[in-house]
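> what follows is a predicted protein model with its sequence.
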Amino acid sequence: MPDNSFGSSLSNIFIKPFQEILFPPFCISCNVRLKQEESRICVSCWRDFPPLEKNDSLFLQTKERFLNEGTISDCLAPFSFEKEGTLQTVIHSLKYEGCTTLGVRLGKEIGISINAHPVIRSADLIVPIPLHQLKRRERGYNQSEYICKGISIETKIPLATSLLKRVKYTQSQTKLNQQERSENVTGAFRLASKWKTKLEGKKVILVDDVITTGATMRSCASELKYFGVGQIFSVSVAFA
Ligand SMILES: [Zn+2]
């Protein structure tokens with residue numbers, strides 16, 4: 001598992017130098033040398049993420065589409081995604097460079113927003129959008145699980161990582177339009193059999209790193225709805 005936090009001082013003595021070869025002690029965004037207590041990114045870059053405005057048009061459009069379809073009851077994302085921005089660098093490091101602790105830290109930020117949101121705060125479970133097992137094997141981990149871990153630490157809402165399975169291997173969605181994305185992920189998720197009788201009336205938070213069209217969220221949500229989930233909330237780091 002990459003980017004573990006090494007608790008004991010003994011392991012720090014031996015492992016820290018190796019860790020510094022893997023992850024040099026410079027901010028991934030502004031390249032300043034990090035202080036002892038900083039990890040991967042400096043405090044001032046971390047504080048620099050643009051907050052998502054309540055009247056952000058993409059957010060409102062996606063929320064409206066969710067509500068009109070009736071599968072997702074509410075959505076939340078604390079940040080706005082800017083191309084080439086610091087947040088994009090952080091999410092890239094989380095997804096492709098094994099910096100999983102960044103996922104936990106982003107999750108804690110989301111958790112703070114959830115704690116201020118009484119409706120989403122009342123959820124029973126936090127569930128990451130799963131990766132197909134081939135993609136998971138290739139990457140070694142699911143970045144959304146780390147975000148969920150941070151949310152769970154902050155909100156104390158339990159985490160269920162193996163509730164959903166991705167049964168359809170889908171190519172990258174970046175070049176697809178909204179309609180194609182929706183077709184691409186239709187029927188892509190299955191509820192694990194041991195959960196089939198346990199979700200009636202429950203409230204579930206679905207977590208993805210960044211939401212673009214919301215097609216993946218909607219596909220997961222419709223599988224959960226089929227098995228009687230009462231309310232589903234879409235939660236992500238940002239909208240892009
Ligand atoms: Zn920095």
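Perfect, I can see it now.
> before we move on, which element is residue 144 in?
helix 143-155 (DSSP states H and E).
> helices or strands up against that helix?
Counting by 3 or more C-beta pairs under 8 Å, 6 or more residues apart in numbering; DSSP states H and E, the packing neighbours recorded for helix 143-155 are helix 86-96, helix 100-115, strand 125-128, strand 203-211. Using the backbone N, CA and C atoms, a C-beta is placed for each residue, glycine as well.
> what angle do strand 203-211 and that helix make with each other?
130 degrees (axes from the mean of the first three to the mean of the last three C-alpha atoms, to 10 degrees).
> can you give me the offset of helix 143-155 from its chain's centre?
Offset of helix 143-155 from its chain centre (C-alpha atoms, centre = their mean, to the nearest Å): 8 Å.
> mind listing what's buried along that helix?
Using 16 or more other C-beta atoms under 10 Å as the test for burial, helix 143-155 gives 143-152, 154-155.
> sorry, back to before: nearest approach to residue 56 belongs to which of the helices and strands packed on helix 143-155?
strand 203-211 (11.9 Å; C-beta to C-beta).
> can you name the element that comes right after the closest one?
Using DSSP H and E, the next helix or strand after strand 203-211 towards the C-terminus is helix 215-226.
> could you export the very next helix or strand once past that following helix as PDB, CA atoms only?
Counting by DSSP H and E, the element after helix 215-226 in chain order, helix or strand, is strand 231-239. Taking Å, rounded to 0.1, in the frame of the first residue of the first chain, the C-alpha atoms of strand 231-239 are listed here in PDB:
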ATOM      1  CA  GLN A 231     -32.000   8.200   0.100                       C
ATOM      2  CA  ILE A 232     -28.800   8.600  -1.800                       C
ATOM      3  CA  PHE A 233     -26.400  11.600  -1.500                       C
ATOM      4  CA  SER A 234     -23.700  12.300  -4.100                       C
ATOM      5  CA  VAL A 235     -20.500  13.500  -2.500                       C
ATOM      6  CA  SER A 236     -17.200  14.400  -4.300                       C
ATOM      7  CA  VAL A 237     -14.200  16.600  -3.800                       C
ATOM      8  CA  ALA A 238     -15.200  18.900  -6.700                       C
ATOM      9  CA  PHE A 239     -17.300  19.300  -9.900                       C
END
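> name the helices or strands packed onto strand 231-239?
Taking 3+ C-beta pairs under 8 Å, 6+ apart as the contact cut, strand 231-239 packs with helix 57-69, strand 74-76, strand 79-80, helix 86-96, helix 100-115, helix 118-121, strand 203-211, helix 215-226.
> nearest to the ion, out of these?
helix 86-96 (7.5 Å; C-beta to the ion).
> from the contact counts, what lies against the closest one?
Judged by 3+ C-beta pairs under 8 Å, 6+ apart, the packing partners of helix 86-96 are helix 100-115, helix 143-155, strand 203-211, strand 231-239.
> 7 Å instead?
Here helix 86-96 touches helix 100-115, strand 203-211, going by 3 or more C-beta pairs under 7 Å, 6 or more residues apart in numbering; DSSP states H and E.
> how long is stretch 88-108 end to end?
Stretch 88-108 stretches 17 Å from its first residue to its last (C-alpha to C-alpha, to the nearest Å).
> which residues sit against that stretch?
2-3, 5, 28-29, 39-41, 81-82, 141, 143, 146-151, 153-154, 209-210, 237 (C-beta atoms under 7 Å, 6 or more residues apart in numbering).
> check those one by one and keep those near the ion.
With C-beta under 5 Å from the ion as the criterion, the contacts of stretch 88-108 include residue 29 near the ion.
> circling back: pLDDT added to the buried residues of helix 143-155, as TSV?
Output for the buried residues of helix 143-155, formatted as TSV (pLDDT from 0 to 100):
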residue	pLDDT
143	97
144	97
145	97
146	97
147	98
148	98
149	98
150	98
151	98
152	98
154	98
155	98
